[in-house]
Structures are given as C-alpha cells and as structure tokens.
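[1] Pasted the sequence and its predicted model underneath.
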Amino acid sequence: MSKKFPIALTVAGTDPTGGAGVLTDIKAFHSREVYGMSAVTSLTAQNTLGVQDVYNIPVDFLNAQLTSIFDDELPDAMKSGMIATADMMEVIKGFVEKYRIPYVIDPVMIATSGDNLIDDKAIDYLRDHLIQTALCITPNIIEAERLSGLSIKTEEDINRAAKIFINDLGVQSVIIKGGHLKGDAVDYLFTKEHVQRLSSERIDTNHTHGTGCTFSAVITAEIAKGKSLESAFKTGKNYITNAIKNTPGIGKGNGPVNHFSYKGE
Ligand SMILES: Nc1ncnc2c1ncn2[C@@H]1O[C@H](COP(=O)(O)OP(=O)(O)O)[C@@H](O)[C@H]1O
Ligand SMILES: Cc1ncc(COP(=O)(O)O)c(N)n1
C-alpha cells in the first residue's frame, strides 16, 4: 500500500512538559500535516523553569530504535536535536549515510534555562564528523560561536562564521538564527552560492522554550514534502514568529510556543 503522507523523523531528547525536544517536534510535524516518527536519545526531567535531571538512553537502544524505523519505512526527511554523546552521534551518522536521508541538524548544546545538554566530546564530534552529513544545520548564536570558534555580535561576524562553516568545516548549508541578538529577530541561510536573510519583529516575551526545536522541525517537515530549503526556511520563520506571538502561556518560567495558530505556507 502506498503511504498517504510525507514522513519526518526526529532523533532527539524528551521534555516531559512538551515544550522542547521530541514532543514539540512531533507537534510541529503534525501541524504541517506530516506524519511524525521519533527515536529518543535522552529522557530529561525538565520544565519551563529548567532541567532537573537527564537520563541518556544506552547507545545500543538508540540503534535498536533506528533499526526498527528504517527496517519498516523510510522517512522522507529527518532532524536531530539533543544528542548527548559522541557514541550516539556515530550511530546516527551510520543511518544517515546508509539511507541517504535529507537531514537537518539543530546542534542543541544548552537549554534556554542555561543547562548543558551534551558533553564536550560530543561537541567536537558534531563539529568534525556529523554536521558534514546534513543538508542544513541550524545553530543559534551561542552554538555558532562554539562550532566556528568566533565571537558573534554583528551581521559581519555572522558572515564570517558562515564562511567557516561552509569553507572550513564543509557543511552544505547553515541557518544562523539571530534569536539571541538584540533588535529584530533576523535569521540567515547560507549556501555555497547565496545568502537568504529573513527578518521579523522581536516579540517581547520570555516564552521561547523550544523555539529552535520547533523551527528546525518545521523546516524538516517541509523538506519531507519535497519543498526547497529556501521555501522551508520561509515557512519555518513564519511558523515560529506566529507560534511565539500566540504563546499558550504554559508554566511558571520560559513557556513553550503555540502549534495551533499557524495555517499559512
Ligand atoms: N523574541 C523573539 N521574537 C521573534 N522571534 C524570535 C524570538 N526569539 C527567537 N526567535 C526566532 O525563533 C527561532 C529560534 O531562534 P533562537 O531562539 O535563536 O534558537 P534556539 O531556540 O536554538 O536558541 C529563530 O527563527 C529566531 O529568529
Ligand atoms: C530535550 C531538549 N532538547 C532541546 C532543548 C533545547 O530547547 P531550545 O529550543 O529552547 O533551545 C531542550 N531544552 N530539551
């Protein structure tokens, strides 16, 4: 029987309050009318106030989850978020290379609350071995600084970091997200050939838990539909701006975003 929906897979950690990680990714896939699958890397005990505890799934069991998925049905695109260790990254790299699946990496390192989510060896593996396997990586400013080794304060710094990603580290394309800079919220997609700049007003809120997860999940969903990266980037930006603006107001701290309100392209 032929499948009726595109399929997107997320490989990431869980947040029991549903604001970040696997749960927000699946909500975003569903909202974009894409069938969602997941392989869990870590269980976290976290909420809108911070991360209270982390349990990393044994690497063999991550392998087992991915084997179950890929033995049965090939997703049209996949993304990853929190991958706590280099061993886990190696397993994921194996599947991406074997099945040649379009892959978006959100190089998650630190939660909005400031808690570390992955170890230093994992950051090195991400930079030296994993990001090269992706169609696109979506670092925020802090992640772009850590991976490129530059301090990023201005648009010029962003351009320099992008050159390092593409020319020195060998990534196919990079979206550097300006959510953590001042002024308008500006994101930049760099490929070897061109730059696409998308700007939105900065929304004055602390309800930005899971924004990076959601943004990369929407991009992955659009890629699963066969959309171009440029078009997926536009949808991701429109979706996240709307989702932050219409915050559902959940929790006592940095709340999650709204997956019900965006109906556009
Ligand atoms: N206060 C805000 N107002 C509008 N857009 C925002 C705001 N904060 C983040 N964004 C947007 O949300 C997306 C995620 O960005 P960012 O917060 O930088 O990533 P991360 O969640 O990985 O730290 C980007 O498209 C960014 O421009
Ligand atoms: C399991 C998990 N994955 C990712 C994030 C980062 O979230 P954000 O999108 O706010 O940077 C998180 N807090 N928890």
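    Cool, got the structure. Ligands and ions are numbered 1, 2, ... in the order given.
[2] As a check, name the ranges of all helices in the stretch 151-265 of the chain.
    In the stretch 151-265 of the chain, the helices defined using DSSP state H, counting those that start in this stretch lie at 155-163, 211-224, 229-245.
[3] In JSON lines, list those along with distance to ligand 2 and mean pLDDT.
    For the C-beta atoms, the positions are set from N, CA and C on the backbone; glycine is no exception. Conversion of those to JSON lines gives the following (distance: least, Cβ to the nearest ligand atom, whole Å; pLDDT from 0 to 100):
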{"stretch": "helix 155-163", "distance to ligand 2": "18", "mean pLDDT": "97"}
{"stretch": "helix 211-224", "distance to ligand 2": "3", "mean pLDDT": "98"}
{"stretch": "helix 229-245", "distance to ligand 2": "10", "mean pLDDT": "98"}
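[4] Make a markdown table from those and add mean neighbour count to it.
    A markdown table is the format used below for the helices of the stretch 151-265 of the chain (neighbours: other Cβ atoms under 10 Å):
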| stretch | mean neighbour count |
| --- | --- |
| helix 155-163 | 17 |
| helix 211-224 | 29 |
| helix 229-245 | 22 |
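[5] mind checking which of these is nearest residue 143?
    Closest to residue 143 of the helices of the stretch 151-265 of the chain, according to Cβ to Cβ: helix 211-224, at 8.6 Å.
[6] That closest one vs helix 229-245, what angle?
    With axes from the mean of the first three to the mean of the last three Cα atoms, to 10 degrees defining the directions, helix 211-224 sits at 140 degrees from helix 229-245.
[7] In terms of secondary structure, what does helix 211-224 contact?
    strand 7-14, helix 21-31, strand 77-80, strand 103-105, strand 173-177, helix 229-245 (3 or more Cβ pairs under 8 Å, 6 or more residues apart in numbering; DSSP states H and E).
[8] Same list (the ones you listed) but as CSV, adding distance to ligand 1.
    Shown next, in CSV, are the helices and strands packed on helix 211-224 (distance: least, Cβ to the nearest ligand atom, whole Å):
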stretch, distance to ligand 1
strand 7-14, 12
helix 21-31, 10
strand 77-80, 13
strand 103-105, 12
strand 173-177, 4
helix 229-245, 4
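[9] Reformat these into JSON lines and put distance to residue 45 next to each item.
    Compiled in JSON lines, the helices and strands packed on helix 211-224 are given as follows (distance: least, Cβ to Cβ, whole Å):
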{"stretch": "strand 7-14", "distance to residue 45": "10"}
{"stretch": "helix 21-31", "distance to residue 45": "12"}
{"stretch": "strand 77-80", "distance to residue 45": "21"}
{"stretch": "strand 103-105", "distance to residue 45": "25"}
{"stretch": "strand 173-177", "distance to residue 45": "26"}
{"stretch": "helix 229-245", "distance to residue 45": "24"}
